[in-house]
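Participant: With the sequence up front, the predicted model follows.
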Amino acid sequence: MIEGILIGLTTALTFQNIFMVMIGCFFGTIIGMLPGLGPMTAIALMIPITYGFDPATGLILMAGVYYGAVFGGSTSSILLNAPGVPGTVATSFDGYPMAQQGKAGKALAIAAWSSFAGGTLSAIYLLFMAPSLSKVSLSFRSPDYFALMILGLTAIAAFSSKGQFLKAMMMVVLGLMLASVGQDSLSDITRFTFNNMNLTDGISFVLVVMATFAMSEALTIILKRNDPTAAAKQVSLTELGSIKINKEERGKMYKTIPRSSVIGFLIGVLPGAGATIASFLAYGMERNLVKDEEKEKFGKGSVNGLSAPETANNAACSGSFVPMLTLGIPGSGTTAVMLGALLGFGIQPGPRLYMTNPEIFWSVIMSMYIGMVILLILNLPLIPYIARILAVPKNYLIPLILFFSITGIYVMSFNNFDIYLMIGIAVVATFLRLYDFPMPPLILAFVLGGLMEENLRRSLLLSNGSWEFLWDRTLTVCILVTTILIVLWHIYKTLTKKKS
Amino acid sequence: MNINTTKIISLLFFIFSAFYLYTAYQIQVFAFDENAPFNARTFPIYLGYAGLFFSGLKLILPDPDTIKVEHKTLEYKKTGILILIAIIYGATILKVGYFLTTSLFLFASYYFLGERRWILMFLLSFPFVAAFMYLLHGILDIYLRDPFLKYIGVMG
């Protein structure tokens, strides 16, 4: 492991990679502060740029954008009660009341230090857990992988659907259907191309991400008459006050941060769960663990109540890298986008990544430490200035998002068919968003579609077409039972909600 | 059964899945692969049935959390114009070239979204695209075919 850490440090500490972490964190913080534009949009817009770099640098840039966006989202939660990303909703419960009491600077400082500590601690957990899990996952066979993908897709549908599980499952199927367009990987037989040569190689992953996130989010903002920059305009005018944290407050944070980082990391590792669930669970857990006197302060500006979700959401970001780096199966929509980008580089993440491309594996982990320091420097003193940059009118922001989306696709194929296809998918996605059909399950399914078919093919061929492979191995059975439990839990939750 | 837009979307998805399934059955496979446990049409067939299953369930089951969209408050006109501009952009980019079409695309988008600060609109379209093009073409070495710039003698 020491050798790996040194390889990672050597790669992460190059001038180019440090610069990329800075750019990623800065860009992520900006996007994270804009309600409506999440980390997936930020990463999607970055993909065409990353293809100009080596894979390690590309992934470092995207990782920087990811935790930068989660970090940035807390600012608008605290100052305006308008969370930039869903993972920072719980931050507003105590951050906003604190800001209303004239302690906005202090709230931002608590959030920044908690995020820093959460991210750093979880990067340490990742450092120890990822190599061990990589070794364990070498024993995984095709049926286990197939079952794991079913689990990942079911979990993301269950957790991201806001109670609309069937809608999310329809999006999963749609994502898998889109992934099936083009040549079959084994026989080279073309499928669903309708004799159109442009579809022979399938639909580009970047195109689907740009269409369903960047372009569709831009169209949704116009359609719903939202103004994501309004929040930034207010932030730039807000008086922050002192950013000093006193001894008593520090004492409270010392207790909250370790436990919230553990829960955040573990939730992040689970497929489908992520920063949002982690932050809510950490908030709830913290409320149960503190003394009655402190419990009463929850929702009114509690230090513990602010520190817990902020620690957990950043810890979950690092945790979500575990299944992607070790199993090659992303646990969230955001890491699915990164996985797709890595596949574009010709790199297959999974248990062997640890051995075949140690510089990628370790440099991403090591760059997280650097990223956390950069975020701390960025978030505390620079937030009002970043907000001023953000206060650009919507009339410029939206065309520029469309410009980066379309240019990103055009420079990859030099083909106007892809532009039409992107517009078509974006229009459908915008319409589906209006009726709360979630997009992350579609992206995860699209990324996993090829791998899923490949593992099902191997499993069925090895078992002579019998579905016995699903209960032949204990590991496969355990994964499938977990999947069934998630579905049953979701049905139970829906039924109890209906009764209440 | 309460018919709402979500149900209509589910019905459309059901029809789409049925069409997908029909097309999946039409995929030509090699003769020796016809009876293999897994061939090029196996996975799409499962997907087709999965699509029918989930959309069918959504159609049949009651939908207590009906999403109501206030269509009157939605900005269909500007959204439609932006989509139309993007389509025109796609139709002209190969013939006219990257620089002019992209600059006009940006300029037109700013205009139709209600912007009227002409100098800023100009700066954030033509010079902005020129700088971006220099980044792609000059620094990142990504070749951009541009008949317009070639015609006026800027590009070789």
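Facilitator: Nice, thanks for sending it over.
Participant: what residue ranges in the stretch 251-400 of chain A score low on pLDDT?
Facilitator: Counting by pLDDT under 70, the stretch 251-400 of chain A contains low-confidence residues at A:271-274, A:331, A:354, A:379, A:383-392.
Participant: Near chain B, which residues of it are found?
Facilitator: For the stretch 251-400 of chain A, the residues found near chain B under the criterion C-beta under 8 Å from any C-beta of the partner chain are A:Pro393, A:Lys394, A:Asn395, A:Tyr396, A:Ile398, A:Pro399, A:Leu400. (Glycine included, C-beta is placed from N, CA and C.)
Participant: For the second one, which non-adjacent residue is closest in space?
Facilitator: Spatial nearest neighbour of A:Lys394, excluding adjacent residues (C-beta to C-beta, 6 or more residues apart in numbering or on different chains): A:Asp227 at 5.0 Å.
Participant: What is the neighbour count of the one you found?
Facilitator: Under the neighbour criterion other C-beta atoms under 10 Å in any protein chain shown, A:Asp227 is assigned a count of 17.
Participant: so is it in a helix, a strand, or just coil?
Facilitator: Three-state assignment for A:Asp227 (DSSP: H, G, I helix; E, B strand; the rest coil): coil.
Participant: Could you give the separation of stretch A:326-336 from the chain centroid?
Facilitator: What separates the centre of stretch A:326-336 from the centre of its chain is 9 Å, taken as C-alpha atoms, centre = their mean, to the nearest Å.
Participant: and the residue nearest to A:Val290 when sequence neighbours are not counted, how many neighbours?
Facilitator: Once flanking residues are discounted, A:Val290 sits nearest to A:Asn304: 5.4 Å by C-beta to C-beta, 6+ apart. Taking other C-beta under 10 Å as the criterion, the count of residues near A:Asn304 is 25.
Participant: ok, A:Asn304 to A:Thr311 distance?
Facilitator: With the distance defined as C-beta to C-beta, to the nearest Å, A:Asn304 ends up 10 Å from A:Thr311.
Participant: Which single residue of chain A ends up nearest chain B?
Facilitator: A:Gly465 (3.0 Å; C-beta to the nearest C-beta).
Participant: how about the closest residue to that residue other than its chain neighbours, secondary structure?
Facilitator: Excluding its sequence neighbours, the residue lying closest to A:Gly465 (C-beta to C-beta, 6+ apart) is B:Pro37, at 3.0 Å. For B:Pro37, the secondary-structure state derived from three-state DSSP is coil.
Participant: Which residues are in contact with B:Pro37?
Facilitator: With contacts taken as C-beta atoms under 8 Å, 6 or more residues apart in numbering or on different chains, B:Pro37 has the following neighbours: A:Leu460, A:Leu461, A:Ser463, A:Asn464, A:Gly465.
Participant: Give me the pLDDT for the residue located most distally from the centre of chain B.
Facilitator: In chain B, B:Phe32 marks the outermost C-alpha relative to the chain mean, sitting 38.2 Å out by C-alpha atoms, centre = their mean. Each residue has a pLDDT score; the one for B:Phe32 is 84.
Participant: now swap in A:Lys498 and tell me
Facilitator: Taken from the predicted model, the pLDDT recorded for A:Lys498 is 65.
Participant: And B:Lys78, by the same measure?
Facilitator: B:Lys78 carries a pLDDT value of 93.
Participant: OK, contacts around it?
Facilitator: A:Ile222, B:Phe112, B:Leu113.
Participant: wait, which of those is closest to A:Ile425?
Facilitator: A:Ile222 (17.1 Å; C-beta to C-beta).
Participant: wouldn't the closest one be in contact with A:Pro399 here?
Facilitator: No. Shown here, A:Ile222 and A:Pro399 do not form a contact pair, counting by C-beta atoms under 8 Å, at 10.1 Å.
Participant: Need the residues touching each of those two.
Facilitator: Each of B:Leu113 lies in contact with both A:Ile222 and A:Pro399 under the rule C-beta under 8 Å, 6+ apart.
Participant: Distance of the most centrally placed residue in chain A relative to A:Met324?
Facilitator: For chain A, the residue nearest the mean C-alpha position is A:Thr334 (3.2 Å; C-alpha atoms, centre = their mean). Between A:Thr334 and A:Met324 the distance is 10 Å, computed by C-beta to C-beta.
Participant: that older thread, list the residues that contact the residue nearest to the centre of chain A.
Facilitator: Neighbour list for A:Thr334: A:Pro39, A:Met40, A:Ile43, A:Tyr66, A:Gly274, A:Ser320, A:Pro440 [criterion: C-beta under 8 Å, 6+ apart].
Participant: Just give me the least confident of those.
Facilitator: Lowest-confidence member of these: A:Gly274, scoring 68 (pLDDT).
Participant: What does B:Leu113 show for phi and psi?
Facilitator: B:Leu113 adopts backbone torsions of phi -80, psi 0, taken as degrees, to the nearest 10.
Participant: Tell me if A:Gln348 really is in a helix.
Facilitator: No. A:Gln348 is assigned coil when assessed by three-state DSSP, not a helix.
Participant: Near it, how many other residues are there?
Facilitator: Residue crowding around A:Gln348 was assessed by other C-beta under 10 Å; the count is 14.
Participant: Tell me, domain by domain, which residues of chain B belong where.
Facilitator: Each structural domain of chain B that the record assigns through automatic domain parsing is listed here as a residue range: B:5-69, B:73-151.
Participant: Any idea which of these gets closest to A:Val290?
Facilitator: Taking C-beta to C-beta as the criterion, domain B:5-69 is the member of the domains of chain B that comes nearest to A:Val290, at 33.8 Å.
Participant: rewinding a little: from A:Ile484, how far out is the residue nearest to A:Gly465?
Facilitator: From B:Pro37 over to A:Ile484 (counting by C-beta to C-beta), the distance is 25 Å.
Participant: helix, strand or coil for A:Lys241?
Facilitator: Check again: residue A:241 is Gly, not Lys. Here A:Gly241 is coil, with the state taken from three-state DSSP.
Participant: can I assume it is in contact with A:Lys103?
Facilitator: Yes. Contact status for A:Gly241 versus A:Lys103: in contact at 6.1 Å, counting by C-beta under 8 Å.
Participant: Just list the residues touching A:Thr482, thanks.
Facilitator: With C-beta under 8 Å, 6+ apart, A:Thr482 has these contacts: A:Leu151.
Participant: what's the helix or strand for it?
Facilitator: helix A:474-499 (DSSP states H and E).
Participant: The residue lying closest to A:Leu448 once chain neighbours are set aside: neighbouring residues, count only.
Facilitator: Setting aside the residues directly before and after it, A:Leu448 is nearest to A:Met149 in space (C-beta to C-beta, 6+ apart), at 5.1 Å. For A:Met149, the neighbour count with other C-beta under 10 Å is 24.
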